[in-house]
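In: Sharing a model prediction with you, sequence too.
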Amino acid sequence: MTEPGRLFDPDEPPPLRPQPAGPAVVRVLPDVSGLEKEFDYLPVADGEAPPVGSLVRVELQRRTVAGWVTATGVTPPPGVTLQPLVKVTSAGPSPDVVELARWAAHRWSGRLGPVLRAASPPRQVPLLPELGQRGNGPGLGGVSLVRLAPDDEGVGLIEPLARQGSVLVITPRLGAAGHLAGRLRRLGLGARLHPRDWPTSASRGGVVVGARSAVWARVPDLAGIVVLDEHDESLQEERNPTWHARDVAVERARRAGVPCVLASPCPSLAALALVGDAVHKPARSAERAGWPVVELVDRRTEEPGRSGLFSPRVANVVRGPGPVLCVLNRTGRAVMLSCAVCGELVRTEDREHLMVERDGQLVSPATGESRPLVCAVCGAAKLKRLRLGVTRAAEELAALAGEPVAELTAATRPGARLPARVLVGTEAALHQLGGVDTVVFLDMDAELLAPRYRAGEQAMALLLHAARLTGPRAGGGRIVVQTRTPDHRVLRAAVHADPGILTREEAVVRRAMGLPPYGALAEISGAGADALADRLLADPGLTVMGPRNGRWLIRADTPDHLADALRPSERPPGRLRVHVDPPRV
DNA sequence: CGGACAAGCTGA
DNA sequence: CAGCTTGTCCGG
């Protein structure tokens, strides 16, 4: 209670004390995980306010922490005493990229800090002059999608843009980026590698090539963005927020009013949806020539009794003469069932997923549907298990080939000399090798019928990897696929070297289910998930599914609607993990 | 996140 | 009621 005659308590700060404001006050997001709030500071010792994006050190609760300037010229909230910045450490992302990062944090329902970290230089860089961006204005430029032959590196897409100004080139892996940068340099285009050349890219621009984080690169005079292998899952960050470089590239280009070119030998449905199916295709003959021969071995038609890992045809292929890589996924824990009479795989009614035996019934982990232990194709009640394992595969292979077989693991060094003529490994082996002209997929069906909505696209990506490894058909490149589903759209697309076959059919299924890109998905888990799911049930624009293993799936018509529904301010208290666009559902 | 502080529990 | 654990709040 204030006594009469006193306007305010002398121990309290006077309420009308003037607050410092104007361009000098900067807003800072501390680089402290778990802290989302931004705080206001005065510049260092009467200096000028550092530009938005700058990396600074600030005092927060008597500790010095790193942070980013997220705004300048702000009006601080009343009643707080501002402290000066401890120091300005380094240049950081440009102001437009800070805004883009804010958009991404919202779009993928995560924090801003991790995104700004991806957009920041790997080591200290002196402050740079702030340059105005070229003035096309948002809306101009636009997105285009180009389907390439597997042996086309996409250099032709970069050259015309590079004449206009700086170009960001995004590849799924840094290794590919380094390779491409070398090729561009030999062609006389001054390519820089992100993040290694961050300072020179930021000050002088040029063609900046890198993995997914290059989409945040700071460049003067951006003229366009090229995303190579836009279908590749490595373009998505695996930690929260799980931003996807393809989507960030599209948004960055839109904001800057410059073209965004997406390219891939097997375009994603997501990219096709972005361009309304307007895809630039190579000439049929050139595309076909870029793929290896794809040969299917239908294991249903083999004589009954055979249930080994290797068909007679594959046994023959393995005997040589050339180097052979046999690929087996370690998802072999899931035992597949096939009909002992007709050889068909036991699948769900829509034939999209495998079923397994549980409690004397067939059940699908993907859809939950169940039926008695009977073949849906021929009615036979005799089913058999197809068991798989890398070690056994290696032993059987050695016996077949009559020579030593090398087992490849994730630890095998990339680019190493082939340890044997016959190799066996998991999918990871496809990334590590060169100099193999035949790849054999021993169990493609597990991949094709996996309980994931993107299983088809993922299987196609795997075939593309193999195609790049073997090289085109004219050079002897060959892929052999053992399967019990030779009519699967992925395999037909590969055999005809026409990825359009897959996307056309896949789009129908996806659209019917309202799955991405014809809807947006998020997975929520953790102690607070039940409460949030409960709240989201009230939103008629959302579909709430689950819980399965403590996880809920939330579906919305658009990513925007989903992001708005999952805003932190809308969340009930409790530990919660939100995963927008989960790739493995 | 990590420190500060309050409220709650335990044992003498 | 000291001494400790657990929970909640807050930072400029």
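Out: Now that the structure is in, tell me what you want to look at.
In: Can you give me the neighbour number for A:L553?
Out: Counted with other CB atoms under 10 Å, residues neighbouring A:L553 total 18. In short, each C-beta sits where N, CA and C put it, glycine included.
In: One more: A:H431?
Out: Taking other CB under 10 Å as the criterion, the count of residues near A:H431 is 15.
In: What sits closest to the residue of the stretch 1-150 of chain A found nearest DNA strand C if chain neighbours are left out?
Out: Taking CB to the nearest atom of the strand as the measure, the point where the stretch 1-150 of chain A comes nearest DNA strand C is A:F39, at 3.3 Å. With CB to CB, 6 or more residues apart in numbering as the criterion, A:F39 has its nearest non-adjacent residue at 5.6 Å, and that residue is A:V28.
In: So what's the residue count around the one you found?
Out: Look at A:V28: counted by other CB under 10 Å, it has 24 neighbours.
In: Need the per-residue pLDDT for it.
Out: With respect to pLDDT, A:V28 has a value of 98.
In: likewise A:E3?
Out: For A:E3, the model assigns a pLDDT of 32.
In: if we can go back for a sec, check which helices and strands the helix or strand where the residue nearest to A:F39 lies sits against.
Out: When secondary structure is defined using DSSP states H and E, the element that contains A:V28 is strand A:26-30. In this structure, strand A:26-30 packs against strand A:39-42, strand A:55-60, strand A:63-72, helix A:112-118, with contacts taken as 3 or more CB pairs under 8 Å, 6 or more residues apart in numbering; DSSP states H and E.
In: any chance of these in CSV, plus mean neighbour count?
Out: Formatted as CSV, the entries for those read as follows, by neighbours: other CB atoms under 10 Å:
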stretch, mean neighbour count
strand A:39-42, 20
strand A:55-60, 20
strand A:63-72, 19
helix A:112-118, 21
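In: Which among these is found nearest to DNA strand B?
Out: strand A:63-72 (6.6 Å).
In: which other helices and strands contact that closest one?
Out: With contacts defined as 3+ CB pairs under 8 Å, 6+ apart, the packing partners of strand A:63-72 are strand A:26-30, strand A:55-60, helix A:95-107.
In: Pick the most deeply packed of the ones you listed.
Out: Between those, strand A:26-30 has the highest mean count of neighbours, a mean of 23, where neighbours are mean count of other CB atoms under 10 Å.
In: partners of it, with directions?
Out: According to DSSP bridges, strand A:26-30 forms sheet pairs with strand A:39-42 (antiparallel), strand A:63-72 (antiparallel).
In: now the ones you listed in JSON lines, with mean pLDDT?
Out: Formatted as JSON lines, those follow (pLDDT from 0 to 100):
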{"stretch": "strand A:39-42", "mean pLDDT": "96"}
{"stretch": "strand A:63-72", "mean pLDDT": "96"}
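In: Give me the secondary structure label for the residue of the stretch 401-550 of chain A found nearest DNA strand C.
Out: When CB to the nearest atom of the strand is the measure, the stretch 401-550 of chain A has its nearest residue to DNA strand C at A:A527, with 11.1 Å between them. Going by DSSP: H, G, I helix; E, B strand; the rest coil, the secondary structure assigned to A:A527 is coil.
In: Please give me every residue in contact with it.
Out: Taking CB atoms under 8 Å, 6 or more residues apart in numbering as the definition of contact, the neighbours of A:A527 are A:G574, A:R575, A:L576.
In: top of the residues you listed by neighbour count?
Out: A:L576 (18 neighbours).
In: Report whether the expected contact of it with A:A529 is present.
Out: Yes: using CB atoms under 8 Å as the test, A:L576 is close enough to A:A529 to be in contact (6.0 Å).
In: Please name the bridge partners of the closest residue to A:Q361 other than its chain neighbours.
Out: Once its chain neighbours are removed from consideration, A:Q361 has its nearest residue in A:S370; the separation is 4.9 Å (CB to CB, 6+ apart). For A:S370, the residues forming beta bridges with it (DSSP bridges) are A:V363.
In: shaky segments in the stretch 351-500 of chain A?
Out: Within the stretch 351-500 of chain A, the stretches falling below the threshold (pLDDT under 70) are A:387-389, A:409-416.
In: Any idea which residue of chain A lies closest to DNA strand B?
Out: For chain A, the nearest residue to DNA strand B under the criterion CB to the nearest atom of the strand is A:G34, separated by 2.8 Å.
In: And the pLDDT for that residue?
Out: At A:G34 the predicted local confidence, pLDDT, stands at 86.
In: secondary structure class for it?
Out: At A:G34, secondary structure determined by three-state DSSP is coil.
In: so how far is stretch A:93-104 off the chain centroid?
Out: Relative to its parent chain, stretch A:93-104 has a centroid offset of 20 Å by CA atoms, centre = their mean, to the nearest Å.
In: Could you do stretch A:540-549 as well?
Out: Computed by CA atoms, centre = their mean, the separation of stretch A:540-549 from the middle of its chain amounts to 23 Å.
In: cool, and stretch A:63-70?
Out: Here the centre of stretch A:63-70 is set off from its chain's centre by 29 Å, with CA atoms, centre = their mean.
In: do stretch A:454-468 as well
Out: Its chain's average C-alpha position is 14 Å from that of stretch A:454-468, according to CA atoms, centre = their mean.
In: And for stretch A:426-442?
Out: The offset between the C-alpha centroid of stretch A:426-442 and the centroid of the whole chain comes to 21 Å, using CA atoms, centre = their mean.
In: Also stretch A:151-160?
Out: In terms of CA atoms, centre = their mean, the gap separating the centre of stretch A:151-160 from the centre of its chain is 22 Å.
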